[in-house]
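> from the sequence below, what's the structure:
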Amino acid sequence: MTIAHVYLAFLIIGTIGLLSSLIFGDFDHGDLDHDFGSGGLSDGHDLHSDTDSPKILSLRVIFAFLLAFAIGGGSLWLTHKGLGAQVIVGLISGVAAAAITFYLMKFLYSFQGVSNIDSKDFLLQDAVVTIGTANNGMCQVEVDSTGGDRLFMAKEANGEILKKNDIVKVTDRKGTTLIVVKK
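Predicted coordinates:
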């Protein structure tokens, strides 16, 4: 295998990788647009958080490095320069392309909205009991939010027994448990 084959392999891998990320979207996190339903997690938090950000060794950054390395080193190979010069130019162009890709992704990721929903956002809002009061005094309520209905564990403030479809008002919270009062 000659160095020309290495440049060609890097060129093909980098090109296919970057094109597939454009076509199929973000596969750096293993997320190919799956949906876990509108309920989110039982504690009221959505599955994605504001910690989603590009990683320095993400697939896009690696593919950009490979593509630029192949272009930089391969262009010197075509002009019959030495192997050392080819590798140095390949590394410099690869690192530069990887850095540009990383910072461009970081800039674009900064425009993502935060999808975490905190139970304190529902204070003084009405909710519907979806599962009545259990022996431990807890029940489940559904609260309407802009992102869809959310389910929370709740406890009636005065110890009243709540039944399914009762309307309650959220008055407080303890952790992720809502404190409600029957209307």
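> from here on, just use CA atoms for contacts and neighbour counts.
Will do.
> strands along this protein, start to end?
126-131, 138-145, 148-156, 167-174, 177-182 (DSSP state E).
> what pLDDT, on average, does the longest one get?
Per-residue confidence for strand 148-156 averages out to 88 on the pLDDT scale.
> next one: the fourth one
pLDDT averaged over strand 167-174 equals 92, rounded to a whole number.
> ok and that strand relative to strand 148-156, angle-wise?
Calculated by axes from the mean of the first three to the mean of the last three CA atoms, to 10 degrees, strand 167-174 forms an angle of 80 degrees with strand 148-156.
> list the buried residues for strand 167-174?
Along strand 167-174, these residues count as buried under the neighbour rule (16 or more other CA atoms under 10 Å): 167, 168, 169, 170, 171, 172, 173.
> a markdown table for those residues, including distance to residue 67?
Converted to a markdown table, the buried residues of strand 167-174 look like this (distance: CA to CA, whole Å):
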| residue | distance to residue 67 |
| --- | --- |
| 167 | 60 |
| 168 | 59 |
| 169 | 58 |
| 170 | 55 |
| 171 | 57 |
| 172 | 55 |
| 173 | 53 |
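> what residues go with each domain of the chain?
What automatic domain parsing lists as the domains of the chain is 3-38+50-109, 119-182.
> follow-up on the earlier one: mind putting the strands of the chain into a markdown table with distance to residue 4?
Compiled in a markdown table, the strands of the chain are given as follows (distance: least, CA to CA, whole Å):
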| stretch | distance to residue 4 |
| --- | --- |
| strand 126-131 | 66 |
| strand 138-145 | 58 |
| strand 148-156 | 55 |
| strand 167-174 | 64 |
| strand 177-182 | 63 |
